[in-house]
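Participant: Next input, structure requested:
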Amino acid sequence: MPDLGSSMRAVVKKVVRAGRIDARTVDEIVKDVQRALLQADVNVELVMQLSSQIRERALKEKPPAGANPREHVIKIIYETLVEIIGKGVDVPLKEQKILMVGLHGSGKTTTVAKLARFFQRKGLKPAVICADTYRPGAYAQLKQLCDQIGVPCYGDGKAPLKIVKEGLKTLKDDVIIVDTAGRHALEKDLIKEMKDLVRILKPDQKILVLDAAIGQVAGAQAKAFNDAVSITGVILTKMDGTAKGGGALSAVAETGAPIAFMGTGETPEDLERFDPDGYISRLLGMGDIKSLIERAEESLGKGELDVKAMLRGKFTLEDMYKQLEAINKLGPLKQVMQMVPLGMEVPDDAYEVTKDRLKKYKVIMDSMTDEELREPKIIGSSRIKRIAIGSGTATEDVRGLLKYHKMMQTAMKGLRGGKFPMRKMMKRFKI
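Facilitator: From the prediction side, this is the model:
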């Protein structure tokens, strides 16, 4: 089953390629949007409401000055999708206490470590208290994750309330994050425990962790937790690997619980602020430059990645290794490229950049002349043989490097507009 992003990018492509925007075309587009949202487990009633809005606006509204009908329809789709998920919530970057709650299997423990790492990257000093005494090995798992990122973790197997009391006396860090036991259901004794923890901790934030794959069940769970402790925000995990994320997004939004963060991978770095505009822009292939620049500022040294040059489509062979090495520090290449407004699909092969391949590429490029690095077009068979001998690699490896560069160069050309000048459209509509 296709994920929501690939389905919605297909819709955008259909709009772009449409000869004209008439009633028949709008109906086809609306049906495609409905299909994409329903496959992603978005609530049926909400899908009908949103598709009705798209149809009505697309047929009745006139495009603003300087925009064509196709661009206007894309803008309508964009704005309507943002309505699904409502406004996000910003967890402030200051001293605070955070209580984390959630179901068993939601990824709460790993999310606690990710959240600690998030504050650490922002220059604050986080610490974690493990108040989960029900799951065997919970403290050991959390401590191991915290040790990996250099964050203190307190917990010793005593009663949860006692652990939190003693942890608060022991830890003097900027941000205190308390992990609690996962719940199969909201049993009365666990509800009482959560309320007691709130009373003792007096948290500034009460965050619910939800697995995006649970779909529309997320709505009932969010409401139940909210009724118990008045949650202030939600973190959706596994947003990188589920086709059902739309259910959690829409259901959580319907409860009025704002989404604070998204978990997008397995490493401690894979947590990012939830920005509705940026998320929908990414879904539609418009990219999310704000998040890309924020991630670059956090992860890279000054001058390691020239984002502006990247957005101009600059991608010579000479630049390629430096760019890919920097991008590697930002996280999986697929995530990074989704933040860039390409207006086209990047081949899956382009994402398979391992450290071993980068190392081999560096060795190969060290055997090239400055002219070859600047103008790879001049590299013919004889030069390939010379480069292979000089680098101690096979000619197939050199050809593979050149093929990879050409593929990435083609993808980067989308940054300059290509057949679909997405960036110009975004600027025109202030998206």
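Participant: Need the distance between the two termini of stretch 259-271.
Facilitator: 13 Å (CA to CA, to the nearest Å).
Participant: list the buried ones in it?
Facilitator: Residues of stretch 259-271 classed as buried by neighbour count (16 or more other CB atoms under 10 Å): 259-265, 268-271. No exception for glycine: its C-beta is placed from N, CA and C like everyone else's.
Participant: next one: it to chain centre, how far?
Facilitator: Remark: stretch 259-271 is offset 7 Å from the chain centroid, using CA atoms, centre = their mean, to the nearest Å.
Participant: got it, and stretch 166-184?
Facilitator: 26 Å.
Participant: Let me see the confidence value for residue 11.
Facilitator: With respect to pLDDT, residue 11 scores 88.
Participant: What is the burial count for it?
Facilitator: 22 (other CB atoms under 10 Å).
Participant: measure it to residue 69 for me?
Facilitator: Relative to residue 69, residue 11 is positioned 15 Å away (CB to CB, to the nearest Å).
Participant: Kindly report the same for residue 403.
Facilitator: 39 Å.
Participant: sec struct for residue 127, please.
Facilitator: Under DSSP: H, G, I helix; E, B strand; the rest coil, residue 127 falls in the strand class.
Participant: so what's it closest to, chain neighbours aside?
Facilitator: Leaving aside its sequence neighbours, residue 127 sits nearest to residue 173 (CB to CB, 6 or more residues apart in numbering; 3.8 Å).
Participant: ok, that neighbour to residue 129 distance?
Facilitator: 10 Å.
Participant: out of the two, which sits in the busier spot?
Facilitator: residue 129 (30 against 16).
Participant: From the buried residues of stretch 259-271, which land in strands?
Facilitator: Among the buried residues of stretch 259-271, DSSP state E puts 259-263, 271 in strands.
Participant: of all the residues you listed, which comes closest to residue 371?
Facilitator: For those, the residue nearest residue 371 by CB to CB is residue 271; the value is 44.0 Å.
Participant: just checking, that closest one touches residue 116?
Facilitator: No. At 9.7 Å, residue 271 and residue 116 do not qualify as touching, with contact defined as CB atoms under 8 Å.
Participant: where along this protein do the strands fall?
Facilitator: Going by DSSP E, the chain shows strands at 96-102, 126-130, 153-154, 175-179, 205-211, 233-237, 259-263, 271-273.
Participant: now the ones you listed as a markdown table including distance to residue 111 and mean pLDDT?
Facilitator: Shown next, in a markdown table, are these (distance: least, CB to CB, whole Å; pLDDT from 0 to 100):
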| stretch | distance to residue 111 | mean pLDDT |
| --- | --- | --- |
| strand 96-102 | 7 | 95 |
| strand 126-130 | 11 | 96 |
| strand 153-154 | 14 | 96 |
| strand 175-179 | 9 | 96 |
| strand 205-211 | 5 | 92 |
| strand 233-237 | 6 | 90 |
| strand 259-263 | 6 | 89 |
| strand 271-273 | 7 | 88 |
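Participant: Of all these, which one comes closest to residue 409?
Facilitator: Per CB to CB, nearest to residue 409 of the strands of the chain: strand 271-273, 27.9 Å.
Participant: Which neighbouring elements make contact with the closest one?
Facilitator: helix 108-121, strand 259-263, helix 289-299 (3 or more CB pairs under 8 Å, 6 or more residues apart in numbering; DSSP states H and E).
Participant: can you tell me which of the ones you listed the model trusts least?
Facilitator: For the helices and strands packed on strand 271-273, where the average pLDDT is lowest is helix 289-299, sitting at a mean of 56.
Participant: which residues sit in contact with residue 236?
Facilitator: 210-212, 245, 248-249, 252, 259, 261-263, 274 (CB atoms under 8 Å, 6 or more residues apart in numbering).
Participant: now, which of these sits nearest residue 56?
Facilitator: Among the contacts of residue 236, residue 249 lies closest to residue 56 (CB to CB), at 22.9 Å.
Participant: can you count the residues close to residue 396?
Facilitator: 11.
Participant: Quick check: it vs residue 93, distance?
Facilitator: From residue 396 across to residue 93, the span is 49 Å (CB to CB).
Participant: Could you do residue 365 as well?
Facilitator: With CB to CB as the criterion, residue 365 and residue 93 are 40 Å apart.
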